[in-house]
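Novice: Next come a sequence and a model predicted from it.
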Amino acid sequence: MKQFLRILFEGAAQAWQQLLANKLRSFLSLLGVSIGIFCIIGVKSSVNSLEDNIRGSMAKLGNDVIYIEKFSWGEDPGKNFWKWMRRPNFTYQEFETLKEELELAEQVGFWQFLGSKTVKWQSSSVENAFFLGITEDCYDLFHIEFDGEGRYFSASEYQSGADVCILGAVIAEGLFGPGIDPLDKDINVGGRKLRIIGVTKKSGKELLKPFNFDNGVLVSYNLARRGFGVRNNGSGHGPQTSIQVKAKPGVDLEELKDEITGVLRGERRIRPREESNFALNTLSIISGLFDKLFGTMNVAGMFIGGFALLVGMFSVANIMFVSVRERTNIIGIKMALGAKRWFILLEILIEAVVLCIFGGLLGLLLIWMVTAAISAAIDFDIHLSLSNAVWGILTSAAVGIVSGLIPASQASRMDPVEAIRK
């Protein structure tokens, strides 16, 4: 162990001497390694940051929730768009049937788009605020979070269709501005007064925002039917609707899908040989699509960085050939004094590895600086993770081993007498 540590120390010392004695040559030679690590780890860090952001957003959809839509998330929309558009929208009656008959479901939610309207408070107004009529279970299914002391509809408010609403964060800012608490204020929507019982938290920095209510107003579905003239006959040209079903703990989603399919096909009176006119979507569909995308991006980054690393590998190999030639007599003296061939081989290899690690560290420093600058400029978190940094260092070490293998092998096979004479 002591001997190995000695070799490691001497190899590192010789690599440091190479860097100090030939600064420009060493810098240019290691630049290829730095650029290669910058490309590979830079792309990997960007993809990982993007993946973390998107998967964090998708987690809000829920792994145990089935989204019943006209459109399938896993099919090509270009080929099937008009087929999907001809499908009927979902009705409140179908929602009630599913809620009553599904035995494997823990929660069933229904929402309906009510159009865009102008919202007023005193002299302030916000145009084109979208309105959604939602059912009781949507609170959990949408993962609604409130800013301050806000709350969801109470059971009595929902059942009676009370004139209360939940404002999106952007709508609240536009109406009230800073310093005014929107809670318990009355807004005017087409001549109807609605009391504000909550304001949703503003959406974060997520690129994918599955439940973004910033520019919306949420009302109970019973209020939507009573006060907004909701009409839904199930035609394909009616207002947009959707149903979400959350499985009970421990229930397999495929079993729940089968149960939903049976109930909904029966409700719509679809014949056994006819194709279902609805789609059952789960988070796994989107996750699979993103897995392919992120995998392709990582391969592209490795392919681009691989060329730079290849150039850096030859550059470091050139340094090591020069280093071996300059120290030929020293190597001969060491071998004459009893140094084993593996000792010389390992010493040269360690020197090459240390040089490449220096180049890799420079590349990682550049990545850290660039990611910090980009994160500050576009308000999006791109970070260099510890695992990517370690992976970059290990890649640099592997490049050092490959690039130093031939020079080290030649040095270890030298004849001591011939080497001393040179």
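Specialist: The structure has been received and is ready for your questions. If you're wondering where the values come from, they're calculated on a predicted model, not measured in any experiment.
Novice: what ranges do the helices span in the stretch 301-422 of the chain?
Specialist: Taking DSSP state H, counting those that start in this stretch to define them, one finds helices in the stretch 301-422 of the chain at 328-336, 341-378, 386-412, 416-421.
Novice: Tell me which of these approaches residue 150 most closely.
Specialist: helix 341-378 (30.2 Å; C-beta to C-beta). (Each C-beta comes from the backbone N, C-alpha and C, glycine too.)
Novice: For the stretch 1-150 of the chain, just list every one of the helices.
Specialist: For the stretch 1-150 of the chain, applying DSSP H, counting those that start in this stretch gives helices covering 2-21, 23-58, 77-85, 92-101, 138-141.
Novice: what sits against the spatially closest residue to residue 344 that is not a sequence neighbour?
Specialist: Nearest non-adjacent residue to residue 344, counting by C-beta to C-beta, 6 or more residues apart in numbering: residue 412, 4.5 Å away. Taking C-beta atoms under 8 Å, 6 or more residues apart in numbering, we find residue 412 in contact with 341, 342, 344, 345, 348.
Novice: again, only using 6 Å
Specialist: Neighbouring residues of residue 412 by C-beta atoms under 6 Å, 6 or more residues apart in numbering: 341, 344, 345.
Novice: Reformat the residues you listed as JSON lines; add distance to residue 123, neighbour count and pLDDT.
Specialist: Listed next are the contacts of residue 412 as JSON lines, based on distance: C-beta to C-beta, whole Å; neighbours: other C-beta atoms under 10 Å; pLDDT from 0 to 100:
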{"residue": "341", "distance to residue 123": "90", "neighbour count": "13", "pLDDT": "76"}
{"residue": "344", "distance to residue 123": "86", "neighbour count": "23", "pLDDT": "74"}
{"residue": "345", "distance to residue 123": "83", "neighbour count": "20", "pLDDT": "78"}
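Novice: which of the residues you listed lies closest to residue 52?
Specialist: Nearest to residue 52, judged by C-beta to C-beta, of the contacts of residue 412 is residue 345 at 42.5 Å.
Novice: Please parse the protein into its domains.
Specialist: Domain segmentation of the chain under automatic domain parsing yields 2-57+288-421, 64-281.
Novice: if we can go back for a sec, between the contacts of residue 412, which is closest to residue 38?
Specialist: Of all the contacts of residue 412, residue 345 has the smallest distance to residue 38: 30.3 Å, by C-beta to C-beta.
Novice: Just to check, the closest one is in contact with residue 408?
Specialist: Yes - if you go by C-beta atoms under 6 Å, residue 345 and residue 408 touch, sitting 4.7 Å apart.
Novice: Which of the domains of the chain comes out lowest on mean pLDDT?
Specialist: Among the domains of the chain, domain 2-57+288-421 carries the lowest mean pLDDT, at a mean of 75.
Novice: Would you check how far apart residue 175 and residue 240 are?
Specialist: As for residue 175, its distance to residue 240 is 25 Å (criterion: C-beta to C-beta, to the nearest Å).
Novice: Repeat that for residue 136.
Specialist: 20 Å.
Novice: List the residues that contact residue 38.
Specialist: Residue 38 neighbours (C-beta under 6 Å, 6+ apart): 363, 366, 367.
Novice: could you redo the last one with a cut-off of 10 Å?
Specialist: Neighbour list for residue 38: 305, 308, 360, 362, 363, 364, 365, 366, 367, 370, 392 [criterion: C-beta atoms under 10 Å, 6 or more residues apart in numbering].
Novice: ok, the nearest residue to the third one once chain neighbours are set aside - how many residues close by?
Specialist: Setting aside the residues directly before and after it, residue 360 is nearest to residue 396 in space (C-beta to C-beta, 6+ apart), at 2.9 Å. Other residues within reach of residue 396, judged by other C-beta atoms under 10 Å, total 31.
Novice: contacting residues for residue 396?
Specialist: The contact partners of residue 396, by C-beta under 10 Å, 6+ apart, come to 30, 33-34, 36-37, 41, 309, 312, 316, 353-364.
Novice: Just the buried ones from the residues you listed, in ChimeraX syntax?
Specialist: Only the buried entries of those go into this ChimeraX selection, using 16 or more other C-beta atoms under 10 Å:
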select :30,33,34,36,37,41,309,312,316,353,354,355,356,357,358,359,360,361,362,363,364
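Novice: Make sure I have this right: residue 219 is in a strand.
Specialist: Yes - using DSSP: H, G, I helix; E, B strand; the rest coil, the assignment for residue 219 is a strand.
Novice: mind checking how far it is from residue 192?
Specialist: Relative to residue 192, residue 219 is positioned 10 Å away (C-beta to C-beta).
Novice: of the contacts of residue 38, closest to residue 149?
Specialist: Using C-beta to C-beta, residue 370 comes nearest to residue 149 of the contacts of residue 38, at 42.3 Å.
Novice: which ones are touching the closest one?
Specialist: Applying C-beta under 10 Å, 6+ apart, we find residue 370 in contact with 38, 42, 45, 46, 382, 384.
Novice: got it, and residue 306?
Specialist: So residue 306 contacts 36, 39, 40 (C-beta under 10 Å, 6+ apart).
Novice: Was I right to think the last one contacts residue 297?
Specialist: Pointing back at residue 40 there. No - the pair residue 40 / residue 297 is not scored as a contact, 11.9 Å apart, by C-beta atoms under 10 Å.
Novice: Excluding sequence neighbours, find me the nearest residue to residue 131.
Specialist: residue 114 (3.8 Å).
Novice: which one is residue 169 nearest to, not counting chain neighbours?
Specialist: Excluding the flanking residues, the one nearest residue 169 by C-beta to C-beta, 6+ apart is residue 202, at 3.7 Å.
Novice: just residue 226 next, same as before
Specialist: Nearest residue to residue 226 in three dimensions, chain neighbours excluded: residue 161, at 4.2 Å (C-beta to C-beta, 6+ apart).
Novice: So what does the one you found look like in phi/psi?
Specialist: phi 70, psi 40 (degrees, to the nearest 10).
Novice: Can you give me the neighbour number for it?
Specialist: Using other C-beta under 10 Å, residue 161 has 19 neighbouring residues.
Novice: try residue 79
Specialist: Per other C-beta under 10 Å, the neighbour tally for residue 79 reads 8.
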